Each structure stands twice: as structure tokens, then as C-alpha cells.
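Enquirer: Build me a model from this:
(one chain, ligands or ions: 1)
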Amino acid sequence: MPAIERLADDLVLIDTGYCRTPAAIGVYLLLGERPALVETGPDSTVEVVLEGVRAAGLDPSDLRAVAVTHIHLDHAGAAGALLRRLPHLDVYVHPLGAPHLVDPSRLITSARRLYGDDLDTLLGEPEPVPAGQVQLLEDGAQVMLGSRRLRSLDTPGHARHHLALLDESSGDLFTGDAAGICLPGSRYLLPPTPPPELDVPTWDATLARLRALRPRRLLLTHFGPHTWCDELLAQMQQRLPAALGLVRSALDSGLDEEAIVERLRAAGASAAEVDGPDAAGRMEIVMPSRLNALGLIRYIRTASR
Ligand SMILES: [Zn+2]
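Expert: Numbering: from 1, shown residues only. Okay, the predicted model is just below:
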């Protein structure tokens, strides 16, 4: 039985149980006239998500839509597998992400480069989503999910094709990765900075935009609800340039890739210590330091060209 948490009468958080780690990757179920998921989790946990939908009292065949904040495999990797089971679902995505849902071959190639054979046991390979089911969400577009009218916000930085979804009436904001990674109950933020689309100043502008909207609750994919919204977003605005500075100075002093990964891992582990002895390990499962380091290195090298 997957862990589910009811966050409101019409909102349920499903824990995908990714890597047998609680609170690593979440999927939100919106109930109401148009039952829908926000995020799908990776391909590897699709059955857990469907079990979670049932545990919340909904027959999965009653789902009508899925919206993904971006197409990274931990957020949207199960979209194709869901559509194979439930071909009527509409899939909402940022216009720049849509082609990769329809043809995930480039996503798979780049994930293979990063994860090697571990890809199959960790995330799994995404299946294609039929083009006819894909709906584009431009900045400002409204979409009905569950019984809520959500507004799509173009929120680049972590990736160019990232969107967030704001429910203006409740103040709930589905942040995807735009607000970083924060374990439930924690006050420590880790910026996920994998390659290849990381853009630090653009992300900072996104964080400023989200702060200005004054959300009342942030719903993170990694993980769960957080109500210290402005402080959380402000901390991200500090953590991001700090991580960039660490990697930049390591590059300047001639460290090789492995040494930079270690330095970033050590800095993250000591910052995460406030959340207990296993916090750094859990963060590492959600977002390996190696990927964060590679994304920052790539960003520095391409930005300086
Ligand atoms: Zn991501």
C-alpha cells in the first residue's frame, strides 16, 4: 500500500516510494469534476502511483488529465506508461517539453549517459506519449485539474521547459523543481542543478517572480507541502549562487570533475546535517551530487564561451 497524505479535501500527495526511500518523489492527485495528476513520477513507479490513486478512493480509469512541471524522468517519466493504460488522458506540458514526451529518444540517450545501466533499475525508460493527447501550457494559460482552475507559469532556470501551477484561490503553488528540494519538516534547501539546461540568473528571476506571487503553500515534487514560502524561496536564491560559486572556484583552482563532485557532495552533506544523520543520503538519492556538479560545470563552461 503506497503512502498517501490528504492535503485538502480535493488534494492527495502520493509517495512513489522511489528507491524504497520515503519522501523522495511525489505525485499530486487532484480530485473533483476532472480528476488529474500533477507529475507522474518515473516510469519505474507507475504501478505505485496507480495504487495510490486507488488508495485515495478513485478508480484510475476516472482520471482525466495529467500535468507535468517538466519532462525530467523523475517528474514525467511515467506519462507514456500511464497513457498506454489510460489512453483518454490529456497530458499538459510546457511547449518546449512537448516534443520530448512524444519522442523520448533524446531524453533516453542523455539519461543513459548520466545513469548508465542504473537507469533501468532507478527511473526506467519513458514510453512515448501519443501526440494527439498532448496539450501545451503557455505562460498564463488556465487549466482545470480536479476542481481547481490552475494558472501555468513559465518558470525557467532548472530547465528551459519548466512550468509551475498556481491555484489563485487557495494560494497553492505546484513548484516542480523550481523551488528546489526540501525534505518534509526540514528547513534546508538543495538546488537541483543537473545538465543540460541549467541557467542560474534565469532561475533567480523565476524565484523572484514566485516570491512576488505570495503563494500560501508550496507543493514540492521533492517533497510535499511547505508553508514557509517566502523564506524557502529566499533560501533558494542564496543556495543557488553559493553552489555555483563553489564549483566555479573549484574549476578555477584546477580540480578535476571527480574532485568537484566530492567537494559539492561534502558541502551538501554538512549543510543537510541539520536534518539528521540520514538526510544527506536521502538527498543524494533524490538528486545525486554528481549530476548537480555536472550541470554546474556545464553551465559555467557554456556561459563563458
Ligand atoms: Zn528536474
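Enquirer: isn't residue 10 right next to residue 167, touching?
Expert: No. Look at residue 10 against residue 167 with C-beta atoms under 8 Å: they stay out of range, at 10.2 Å. Where you see a C-beta, it was placed from the backbone N, CA and C, and this is true even at glycine.
Enquirer: And the pLDDT for the closest residue to the ion within the stretch 51-200 of the chain?
Expert: Per C-beta to the ion, residue 72 is where the stretch 51-200 of the chain lies closest to the ion, at 3.4 Å. What the model reports for residue 72 is a pLDDT of 97.
Enquirer: ok, back up a step: so what sits against both of residue 10 and residue 167?
Expert: residue 148 (C-beta atoms under 8 Å, 6 or more residues apart in numbering).
Enquirer: More neighbours: which of the two?
Expert: residue 167 (22 against 17; other C-beta atoms under 10 Å).
Enquirer: what number of residues lie near the closest residue to the more buried one other than its chain neighbours?
Expert: Of all residues not flanking residue 167 in the chain, residue 148 sits nearest, at 4.9 Å (C-beta to C-beta, 6 or more residues apart in numbering). The criterion is other C-beta under 10 Å. On that basis, residue 148 has 23 neighbouring residues.
Enquirer: Scan the protein for its longest strand.
Expert: Using DSSP state E, we find that the single longest strand of the chain is strand 148-154.
Enquirer: Listing partners with orientation, what would you give for it?
Expert: strand 142-145 (antiparallel), strand 163-167 (antiparallel) (DSSP bridges).
Enquirer: Packed most tightly, which of these would that be?
Expert: strand 163-167 (a mean of 24; mean count of other C-beta atoms under 10 Å).
Enquirer: contacting residues for residue 178?
Expert: Residue 178 neighbours (C-beta under 8 Å, 6+ apart): 69, 155, 157-158, 162, 164, 203, 206-207, 210.
Enquirer: Identify the farthest-apart pair in these.
Expert: Across those, the longest distance by C-beta to C-beta is 14.8 Å; it joins 69 and 207.
Enquirer: neighbour-wise, which of the two wins?
Expert: More crowded of residue 69 and residue 207, by other C-beta under 10 Å: residue 69, with 30 against 22.
Enquirer: ok, that one touching residue 219?
Expert: No. Counting by C-beta under 8 Å, residue 219 is not a contact partner of residue 69; they are 10.2 Å apart.
Enquirer: which neighbours do those two share?
Expert: Joint contacts of residue 69 and residue 219 (C-beta under 8 Å, 6+ apart) are 38, 174-175.
Enquirer: Now the helix or strand bottoming out on mean pLDDT in the chain: buried residues?
Expert: Counting by mean pLDDT, DSSP states H and E, the weakest-scoring helix or strand in the chain turns out to be helix 279-286, with a mean of 90. Residues of helix 279-286 classed as buried: 279-280, 282-284, 286 (neighbour count, 16 or more other C-beta atoms under 10 Å).
Enquirer: wait, which of these is closest to residue 79?
Expert: residue 286 (19.7 Å).
Enquirer: if we can go back for a sec, which residues does the residue of the stretch 51-200 of the chain closest to the ion contact?
Expert: Residue 72 neighbours (C-beta under 8 Å, 6+ apart): 159, 177, 194.
Enquirer: same question, residue 237
Expert: 204, 207-208.
Enquirer: want to throw those into JSON lines with secondary structure, distance to residue 98 and pLDDT?
Expert: Shown next, in JSON lines, are the contacts of residue 237 (DSSP: H, G, I helix; E, B strand; the rest coil; distance: C-beta to C-beta, whole Å; pLDDT from 0 to 100):
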{"residue": "204", "secondary structure": "helix", "distance to residue 98": "26", "pLDDT": "98"}
{"residue": "207", "secondary structure": "helix", "distance to residue 98": "25", "pLDDT": "98"}
{"residue": "208", "secondary structure": "helix", "distance to residue 98": "27", "pLDDT": "98"}
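Enquirer: Now do the contacts for the residue nearest to residue 297 when sequence neighbours are not counted.
Expert: In space, and not counting its chain neighbours, residue 297 is closest to residue 247: 6.1 Å by C-beta to C-beta, 6+ apart. Applying C-beta under 8 Å, 6+ apart to residue 247 gives the contacts 260, 263-264, 293, 296-297, 300.
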